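Novice: Sequence and predicted structure, then a few things I'm wondering about:
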Amino acid sequence: MPQLPFILFASLISVTALASPRFVVQTPDFTQGTWPDHSQDLCFVADETLKYLNKGQSYDPAAIHGGKIAGASFDLNRIKSTLQFLCTVSQQDKAAGRKSRLTDPAFMQQEFEFVRWYPDTKAAAKVAKDKPLLLKLPADKLLQTKYYVRIADGQTAKSASHPQALYGLPFDEAHLNLEDADKLGKRITRFQLGKQDIVAGALEQKPLKAPALVWLSREDLEGALLQGTAVIPKPDGSYRYLNVHRSNGIPYNRLLKPEQQQRYWYFKDVKSVLGYGKDADYKIPIAPQVTVAGDIVNLGLGKLILLATPERGTIHYRLTVLADTGGAFANNQFQLDWLSGYYRDWDHYYQDNKHRGDYSQVWLLLKKQ
């Protein structure tokens, strides 16, 4: 990256080094902009997140709480009631055959309290080296990155173009919970084979030791193992979703290329792409356009978040649920990662998202009491 002129660099630092995150009660100006309607998917993610919250704070105290940051710490019951209200409105509007009221600015102002989120520019400045988007982070907007789920071309049988399978849990532990299976160690199939054994055909030998869920190209296999998810188109236009279940226990080696790794994941069929969950056996089903990943540990799972993002010169207001996270969000209150969709590759993703801005005004929403 070329060196920034000193005056420009100094001006950027003077903006970014001053402010910790701030959360201020502030209603947006909705005089301009558009509200895409994804209310049914929003209800789906809200309801699934609510199910997780209802497991109780003792189940997952790191995520199930009202927030730990001044101004963004809310009563957990209010967060739950907000998610419940989303689904009530969505279901009523669908039953009535009318446009979703969750896209009506007047209705939103009438029913919700808005808390404006100003980014932690001080923390962003500490990690901004060689990261142009963070160097340019505005004082009044969050960095809004975008992630996607790769679509894989799956077949029901092995072929020259699809020589690799995603395998389900081996038969010798299919009836065991994770704790009991792990106690068996090398006595079960999962701990006996590395990835290189499996891609060479070890699980294709008879008698079969694990079910082949779908056959993929080697490239799609690597994508599925890297992302932990495979989305397979079905003939009727819908998708089949596969998610990681249990691993062979071999750590990922950062000195090796992905295709050289020995770490391997077994998969299972799920009803959606999955977001946050402390246990690999239970994670929150999520959907594109209405899900964001962020600092769940500090913000608390399940926050309803409104993004105001410029797209082709027009502000798009998008309601999302904080239902995912990742290593990049540890003590990160300057960024959110928006699940943009399902794409076959980077070029497909880029063409669909290149017009969307990199920064968004952000509000936390609560149903009025």
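Specialist: Now that the structure is in, tell me what you want to look at.
Novice: Would you state the helices of the stretch 101-250 of the chain in chain order?
Specialist: Per DSSP state H, counting those that start in this stretch, the stretch 101-250 of the chain carries helices over the ranges 105-111, 121-126, 132-135, 178-184, 195-199, 218-227.
Novice: Can you check which of those helices gets nearest to C87?
Specialist: Smallest distance to C87 across those (Cβ to Cβ): 13.7 Å, for helix 105-111. Any C-beta I mention is one placed from the backbone N, CA and C, and that applies to glycine too.
Novice: Might you list the low-confidence residue ranges for this protein?
Specialist: Low-confidence segments of the chain (pLDDT under 70): 1-19.
Novice: In it, which strand is the longest?
Specialist: If you go by DSSP state E, the chain has its longest strand at strand 314-324.
Novice: I'd like the helices of the stretch 101-250 of the chain laid out as TSV, including distance to L53 and mean neighbour count.
Specialist: Below are the helices of the stretch 101-250 of the chain laid out as TSV (distance: least, Cβ to Cβ, whole Å; neighbours: other Cβ atoms under 10 Å):
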stretch	distance to L53	mean neighbour count
helix 105-111	20	14
helix 121-126	27	20
helix 132-135	31	16
helix 178-184	23	13
helix 195-199	36	17
helix 218-227	25	19
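Novice: could you dump those helices to a markdown table with distance to Q91?
Specialist: Listed next are these as a markdown table, based on distance: least, Cβ to Cβ, whole Å:
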| stretch | distance to Q91 |
| --- | --- |
| helix 105-111 | 15 |
| helix 121-126 | 39 |
| helix 132-135 | 38 |
| helix 178-184 | 35 |
| helix 195-199 | 45 |
| helix 218-227 | 32 |
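Novice: out of those helices, nearest to A46?
Specialist: Nearest to A46 among these is helix 105-111; the distance by Cβ to Cβ comes to 14.6 Å.
Novice: Off-centre distance for the closest one?
Specialist: Between the centre of helix 105-111 and the centre of its chain there are 27 Å (Cα atoms, centre = their mean, to the nearest Å).
Novice: hang on, the earlier thing: out of the helices of the stretch 101-250 of the chain, flag the one nearest T156.
Specialist: Per Cβ to Cβ, nearest to T156 of the helices of the stretch 101-250 of the chain: helix 218-227, 14.6 Å.
Novice: mind listing what's buried in the next helix or strand after the longest strand of the chain?
Specialist: For strand 314-324, the following helix or strand on the C-terminal side (DSSP states H and E) is strand 335-343. For strand 335-343, burial by neighbour count (16 or more other Cβ atoms under 10 Å) applies to Q335, L336, D337, W338, L339, S340, G341, Y342, Y343.
Novice: among those, which two are most distant?
Specialist: Using Cβ to Cβ, those reach their maximum pairwise distance at Q335 and Y342, which is 22.3 Å.
Novice: Which residue is the nearest non-sequential neighbour of K158?
Specialist: W215 (5.1 Å; Cβ to Cβ, 6 or more residues apart in numbering).
Novice: Quick check: the one you found vs E222, distance?
Specialist: Going from W215 to E222 by Cβ to Cβ, to the nearest Å gives 14 Å.
Novice: can you check Y167 too?
Specialist: Taken as Cβ to Cβ, the span from Y167 to E222 is 15 Å.
Novice: coming back round to it: quick one: residues contacting the residue nearest to K158.
Specialist: Counting by Cβ atoms under 8 Å, 6 or more residues apart in numbering, W215 makes contact with G154, Q155, T156, A157, K158, S159, H162, P163, Q164, A165.
Novice: one more time with 6 Å, if that's ok
Specialist: Q155, K158, H162, A165 (Cβ atoms under 6 Å, 6 or more residues apart in numbering).
Novice: Could you give the bridge partners of it?
Specialist: Legend: beta-bridge partners of W215 under DSSP bridges are Q155, A165.
Novice: what separates it from L274, distance-wise?
Specialist: 22 Å.
Novice: quick revisit: buried by neighbour count: which residues of the longest strand of the chain qualify?
Specialist: I315, H316, Y317, R318, L319, T320, V321, L322, A323, D324.
Novice: What of stretch 282-296?
Specialist: Buried, per 16+ other Cβ under 10 Å, within stretch 282-296: 283-296.
Novice: Would you reformat the buried residues of strand 335-343 as JSON lines and include distance to Q369?
Specialist: Formatted as JSON lines, these follow (distance: Cβ to Cβ, whole Å):
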{"residue": "Q335", "distance to Q369": "30"}
{"residue": "L336", "distance to Q369": "26"}
{"residue": "D337", "distance to Q369": "31"}
{"residue": "W338", "distance to Q369": "29"}
{"residue": "L339", "distance to Q369": "30"}
{"residue": "S340", "distance to Q369": "34"}
{"residue": "G341", "distance to Q369": "35"}
{"residue": "Y342", "distance to Q369": "38"}
{"residue": "Y343", "distance to Q369": "41"}
